[in-house]
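> Here's a sequence, model it:
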Amino acid sequence: MNKLCIITGSSGGIGAALVRKYCNEGFTVVGFDAKPKNIKQNSYDFYQIDLSDLHIENKLNFISETFSQISKQKFEDVILINNAAIQDLKTIGKIKHEDLQKTFSVNIFAPVLISQEFVKAFKCSKKIINIGSIHSKLTKKHFTLYAASKAALKSVSNSMSIEGVKDVTVLHVDPGAIETNMLKDSFKNNKENFKTLKNSIPKKIPSPEDFAEFIFYFSSIKSDYINGSSVSYDGGVSNLLNDPDNK
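So this is what the prediction gives:
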């Protein structure tokens, strides 16, 4: 079967793992990222594009035209994974308008606009998977921008699942800690806190490859009645009360 997976943020830790997984499973993979291509796969096509200013008309037209050209191949199984995200760590008092604009442009505006073009271009049965975050409901200091944008993405996933056309299945995943460079960078000034994080999660922190395996499994479920489902992938930490008895 002719299968296609489109992945935003395809050059990051999770994105690259997703590219490798779907290519290995026989998919043609199309990736978008502001960073250069960093994976060599025969079935992988890459487009370098900064999603932080996707509102500029020519950029959105480029994605629309790219989808239109790709759709001529008549794929039978088509998946869009909205994975691209930025994590700008600031206290509320230091957040500027341009910080809000950039974070929301990548983390929420881009998934909405790209999903619109995806639905218009591909006429077959299709899935959209939005990669959220545990921070949409459980967060910590300095994560205002990231947490707010991921909470917005969860709301968008809910709405997309009931407002979309009948041939679109919308799924949402809220991962907890994944051992990516983004996670490590957030602890670069305090390695002891990273050790504490590892010890606080009931299960070990998974690798990007572990997460890619899960996303592939989730996207492979054939029933379209799973539409609107939201799954936590956090090792159970979201069930852990911050209490002395749990130390």
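> what about residue 39, how many neighbours?
16 (other C-beta atoms under 10 Å). Any C-beta I mention is one placed from the backbone N, CA and C, and that applies to glycine too.
> what about it, which SS state?
Judged by DSSP: H, G, I helix; E, B strand; the rest coil, the three-state class of residue 39 is coil.
> List the contacts of residue 42.
Taking C-beta atoms under 8 Å, 6 or more residues apart in numbering, we find residue 42 in contact with residue 23.
> Return the set of buried residues in the worst-scoring helix or strand of the chain on mean pLDDT.
Within the chain, confidence by mean pLDDT, DSSP states H and E is lowest for helix 181-186 among all helices and strands, at a mean of 78. Residues 183, 186 are the ones in helix 181-186 that count as buried (16 or more other C-beta atoms under 10 Å).
> wait, what's in contact with the closest residue to residue 177 other than its chain neighbours?
Of all residues not flanking residue 177 in the chain, residue 205 sits nearest, at 4.9 Å (C-beta to C-beta, 6 or more residues apart in numbering). Neighbouring residues of residue 205 by C-beta under 8 Å, 6+ apart: 177, 178, 179, 183, 197, 198, 235.
> Please repeat the previous calculation with a cut-off of 6 Å.
Shown in contact with residue 205 (C-beta atoms under 6 Å, 6 or more residues apart in numbering): 177, 179, 198.
> and the gap between the last one and residue 133?
Separation of residue 198 from residue 133 (C-beta to C-beta, to the nearest Å) stands at 18 Å.
> just residue 155 next, same as before
As judged by C-beta to C-beta, residue 155 and residue 133 stand 13 Å apart.
> which of the two has more neighbours?
Between residue 155 and residue 133, counted using other C-beta under 10 Å, residue 133 has the larger neighbour count: 26 against 12.
> Need the three-state assignment for residue 46.
Three-state call for residue 46 (three-state DSSP): strand.
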